[in-house]
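Novice: Give the three-dimensional model of this entry:
(chains A and B)
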Amino acid sequence: MDEQTTVLNRSRQPLTVTLREFELTDVDDYFVWASDDRVSPWWRWDIFTNKEDVLTFMEETVLPHPWMRAICLDGRPVGAISVTRRTAEHQCRAELGYVIASQYWGRGITTEAVKLVLGTIFGDMEGLERLEALVLVQNVGSQKVLEKAGFTKEGILKKYLIHKGKISDMVMYSFIPSEN
Amino acid sequence: MNHDEKNQNPKTPTITLRKFTLSDVDAFMSWAADPRVTRFQRRDPYSDPADALAYITTHILPHPWYRAICIDNTPVGSISVKPAPGEDRHRASIGYRLAYDYWGKGIATEALKLTIKAAFEELDHLERLEAIADVDNPASQRVLEKAGFKEEGILRKYVRLKGETRDMVMFSFLLSDAV
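Specialist: Numbers count the residues shown, from 1 in each chain, chains lettered A, B, ... in the order given. Have a look, this model is predicted:
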């Protein structure tokens, strides 16, 4: 099912943000943000320098992912958003992740994509009660996305994750449908 | 390995940490079979020592860091440090349990202090110890605070416990705090 909403482009013309599953034929579009050196510092993966590697990544990680979608602007993938559910006693929660090509930053597209996920994920994943996201303390842009989408900041987990080889402080956000 | 601490609270009995052996099964049952102790644990109390023996064998003995909290070398509880999965080896989480009769004497706090010291010494690359306590378990929250952990926030609907989804308080103790 395609989820959609509308944002405005710079000249105030409406554009449509939709989510859909990825296909290998999306590799050229995926390469745009995967090779973007403005995106790479914020993303856990190393920057991609060739399309073959992106194709392999799509085959091994993107396509088999239990819940991952292309963020599309007027039907064209400009980023990716994923929800990764925890296991066993932690099945009540899942982690949200997203990435978008830098030329589309600052236009509310990611916020709309997150809102689309919020509208569908709790129905898709039975028993899910918490959607959480961990954001680098320096990544103010991403924090604003989550706040605008209605997430609550719960605290800063110090020295929580290793990001690009560096032990980093992360801000924990969550969305609880019964509370948010 | 003994870690006698000369400046333990005078009201707290002297406690030591050591590895478990299979002969500790009866002592283990003194807390593992008690619903007051297992209230905030995922598992139900043990009723059969054979199950406890299986747990010691399959989970405790091979564990990367699991110790008996002892008074006069008799286990009255346990404490464990579990490294985070995957690449985040700089991070580990602590869990502990104490027989009911030994609550309220500062024993868990003392065991935590000994464990913090030992974990940072023994576990390579460790920079962050963390622990979560149920929002309805203020006693455990106090123990962590007294041991020097800092509260970082409340993680809502974080874990499933006995059919309920619980809010948990996240605490951390950083290597840089261990001065």
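
Novice: A:M58 against A:E21, yeah?
Specialist: No - look at A:M58 against A:E21 with Cβ atoms under 8 Å: they stay out of range, at 11.5 Å. Where C-beta positions appear, they are placed from N, C-alpha and C, glycine not excepted.

Novice: So those two - more neighbours on which side?
Specialist: A:M58 (24 against 13; other Cβ atoms under 10 Å in any protein chain shown).

Novice: And that one, how far from A:E129?
Specialist: 31 Å (Cβ to Cβ, to the nearest Å).

Novice: Over to A:L146?
Specialist: Taking Cβ to Cβ, one finds A:L146 at 18 Å from A:E129.

Novice: Then B:L123?
Specialist: 33 Å.

Novice: In terms of neighbours, single out the busier of those two.
Specialist: Neighbours were counted for B:L123 and for A:E129 using other Cβ under 10 Å; A:E129 has more, 20 against 17.

Novice: Next, find the distance separating the more buried one from A:A94.
Specialist: Applying Cβ to Cβ to A:E129 and A:A94 gives a distance of 9 Å.

Novice: ok, and what's touching the longest helix anywhere in chain B?
Specialist: In chain B, assigned by DSSP state H, the helix with the most residues is helix B:107-122. Contact with helix B:107-122 is made by B:1, B:3, B:5, B:8-9, B:12-13, B:15, B:17, B:65, B:67, B:69, B:71, B:76-77, B:79, B:81, B:92, B:94, B:96, B:98, B:126, B:129, B:140, B:143-144, B:146-149, B:173, B:175, B:178, as judged by Cβ atoms under 8 Å, 6 or more residues apart in numbering or on different chains.

Novice: Likewise for stretch B:15-30?
Specialist: Residues outside stretch B:15-30 that contact it (Cβ under 8 Å, 6+ apart): B:1-4, B:8, B:46, B:49, B:52-53, B:56-57, B:60-61, B:66-71, B:73-76, B:78-79, B:99, B:101, B:107, B:110-111, B:114-115, B:118.

Novice: Take those and keep only those in strands.
Specialist: By the criterion of DSSP state E, membership of the contacts of stretch B:15-30 in strands covers B:66-71, B:74-76, B:78-79.

Novice: and the two most separated of these?
Specialist: B:Y66 and B:I71 (18.0 Å; Cβ to Cβ).

Novice: on that earlier part again, quick one, which of the contacts of stretch B:15-30 are buried?
Specialist: B:3, B:8, B:46, B:52-53, B:56, B:60, B:66-71, B:75-76, B:78-79, B:99, B:107, B:110-111, B:114-115, B:118 (16 or more other Cβ atoms under 10 Å in any protein chain shown).

Novice: Who are the contact partners of the residue of chain B found nearest chain A?
Specialist: The minimum distance from chain B to chain A, using Cβ to the nearest Cβ, falls at B:G153 (2.2 Å). Residues near B:G153 by Cβ under 8 Å, 6+ apart: A:154-157, A:172, B:169-170.

Novice: Could you export these as TSV, including pLDDT and neighbour count?
Specialist: Shown next, in TSV, are these (pLDDT from 0 to 100; neighbours: other Cβ atoms under 10 Å in any protein chain shown):
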residue	pLDDT	neighbour count
A:E154	98	19
A:G155	98	17
A:I156	98	14
A:L157	98	22
A:M172	98	21
B:V169	98	22
B:M170	98	22
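
Novice: Could you tell me which residues within the lengthiest helix in chain A count as buried?
Specialist: When chain A is parsed with DSSP H, its longest helix is helix A:109-124. Neighbour-count burial for helix A:109-124 flags A:109-118, A:121-122 (criterion: 16+ other Cβ under 10 Å).

Novice: Which one of those is nearest to chain B?
Specialist: Of the buried residues of helix A:109-124, the one sitting nearest to chain B (Cβ to the nearest Cβ) turns out to be A:F122, at 11.7 Å.

Novice: Could you pull up the contacting residues of the closest one?
Specialist: A:128, A:131, A:177.

Novice: which residue packs closest to the second one, ignoring adjacent ones?
Specialist: Right, the one you point to is A:L131. Distance criterion Cβ to Cβ, 6 or more residues apart in numbering or on different chains; nearest residue to A:L131, sequence neighbours excluded, is A:F175 at 4.6 Å.

Novice: list the contacts for that neighbour?
Specialist: A:F175 touches A:118, A:130-132, A:149-152, counting by Cβ under 8 Å, 6+ apart.

Novice: Please narrow these to those residing in strands.
Specialist: A:130-132, A:152.

Novice: So which bits of chain A are right by chain B?
Specialist: Contacts of chain A with chain B, taken as Cβ under 8 Å from any Cβ of the partner chain, map to A:89-93, A:129-130, A:132, A:152, A:154-162, A:167, A:172, A:174, A:176, A:179.

Novice: tell me which element the closest residue to B:R67 other than its chain neighbours falls in.
Specialist: For B:R67, ignoring the flanking residues on the chain, the nearest one in space by Cβ to Cβ, 6+ apart is B:L17 at 4.2 Å. Taking DSSP states H and E as the definition, one finds B:L17 inside strand B:15-18.
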